[in-house]
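1. from the sequence below, what's the structure:
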Amino acid sequence: MNLNQVTLPVSNMDEATHFYREMGFVQIVDTPHYARFECPDGDATFSLTLSSNSTENSAVVYFEHEKLDSWVRELKRKGFIFSEDPKDHLYLWREAVLYDPSGNKLKLYWAGANRKNPPWRVERRL
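-> Numbering: from 1, shown residues only. Purely as a prediction, here's the structure:
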């Protein structure tokens with residue numbers, strides 16, 4: 001089993017698709033109400049769907065990059081505004097936070113081996 005994708009609601013498709021392309025993602029589906037992107041590394045995709053309702057949600061989307069600090073510096077040079085600069089956390093991840101034009105919270109991070117194998121890892125199955 002593998003997670004296919006996450007779909008985020010957006011209020012302005014043109015603004016949102018430009019934002020994600022500028023971040024470095026490759027747009028692979030383009031319609032007035034739906035867009036899909038692939039990540040430049042790995043096999044993950046994510047989508048945007050046009051929503052006429054308030055797009056405020058409490059979901060957080062994480063994008064992983066081994067050279068997090070360099071990526072954040074590059075995005076800042078392009079004009080991206082971060083609400084939190086990269087910092088190390090007690091749970092052994094380094095994260096930076098920004099919001100897309102529709103208010104979706106994004107965390108850019110690097111966790112290395114701790115992403116799937118933190119020191120407190122458990123394995124519970126039925």
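2. now do the strands in this protein.
-> For the chain, the strands defined by DSSP state E occupy 7-10, 26-30, 34-38, 45-50, 60-64, 82-88, 94-99, 105-110.
3. which strands or helices does the first one pack on?
-> Which is strand 7-10. Strand 7-10 is packed against strand 45-50, with contacts defined by 3 or more Cβ pairs under 8 Å, 6 or more residues apart in numbering; DSSP states H and E. Using the backbone N, CA and C atoms, a C-beta is placed for each residue, glycine as well.
4. helices and strands around the strand it packs on, which ones?
-> Counting by 3+ Cβ pairs under 8 Å, 6+ apart, strand 45-50 packs on strand 7-10, helix 13-23, strand 34-38.
5. would you mark the buried spots in the longest one?
-> Buried residues in helix 13-23, defined by neighbour count with 16 or more other Cβ atoms under 10 Å: 13, 16-17, 19-20, 23.
6. quick one: mean pLDDT for it?
-> Here helix 13-23 scores 98 as its mean pLDDT.
7. ok, which of the strands of the chain comes nearest Trp71?
-> strand 105-110 (6.4 Å; Cβ to Cβ).
8. name the helices or strands packed onto the closest one?
-> Applying 3+ Cβ pairs under 8 Å, 6+ apart, one finds that strand 105-110 makes contact with strand 60-64, helix 68-77, strand 94-99.
9. where in this protein is pLDDT low?
-> Where the chain drops to pLDDT under 70, the residues are 54-56.
10. residues contacting Phe19?
-> If you count contacts by Cβ atoms under 8 Å, 6 or more residues apart in numbering, Phe19 has them with 100-101.
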